[in-house]
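Asks: Turn this into a structure:
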Amino acid sequence: MSQVKFKGSPVNTKGTLPQVGSKAPDFSLTGGDLSQKTLGDFAGKKLILNIFPSMDTGTCAASVRKFNEKASGLENTIVLCVSKDLPFAQGRFCTAEGLENVVSLSEYKNSNFSDAYGVKFIDGPLEGLLSRAIVVLDEHGNVIYTEQVEETVEEPNYDAALAVL
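Replies: Numbers count the residues shown, from 1 in each chain. Alright, predicted model coming up:
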């Protein structure tokens, strides 16, 4: 279990982020076309997992926009934006914002991703949603960077996440 804050109040997540140097846990998430996406679908690519509660919040939306901007200049790298938002809502947001350099994935069908990555809130007002975190994987599926954002309403450290690539 990890403890972070939501607007200054302590909240807990189930588990902890994968350790740097470990193999990334597999997952099954739902894409915008309702197909299931697994870690294997992105084999050979560097991945930035941008994990957050919901695109319908200002900070989450800002992180998706920022990574969309940064991803356009990254070679062999895909940014996966992961939340419990329905794929339809994710698609509507990205279309309205003109975001084409990120892939939105939803955990609405099951919690295997949040269980494996230790990011599900288990208490507090956002219970059941995903905490704000960044996990970066190399092209071999190894974890090379993690950040569990201490205060959920704050943005992640983009520069640190991108520096490992």
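Asks: okay, CA-based contacts and neighbour counts for the rest of this
Replies: Noted.
Asks: Surely residue 10 is in a helix?
Replies: No - counting by DSSP: H, G, I helix; E, B strand; the rest coil, residue 10 falls outside a helix, being strand.
Asks: That one and residue 121 touch, don't they?
Replies: No - checked against C-alpha atoms under 8 Å, the pair residue 10 and residue 121 is beyond contact range at 10.9 Å.
Asks: higher neighbour count, those two?
Replies: residue 121 (25 against 13; other C-alpha atoms under 10 Å).
Asks: Contact partners for that one?
Replies: By C-alpha atoms under 8 Å, 6 or more residues apart in numbering, the residues touching residue 121 are 11-14, 127-131.
Asks: if you set the cut-off to 7 Å instead, what comes out?
Replies: 12-14, 127-131 (C-alpha atoms under 7 Å, 6 or more residues apart in numbering).
Asks: any idea which of these has the most stuff around it?
Replies: residue 131 (32 neighbours).
Asks: so what's the residue nearest the centre of the chain bridging to?
Replies: Centroid-nearest residue in the chain: residue 51, 2.0 Å away (criterion: C-alpha atoms, centre = their mean). Residue 51 forms beta bridges with residue 82, residue 133, as assigned by DSSP bridges.
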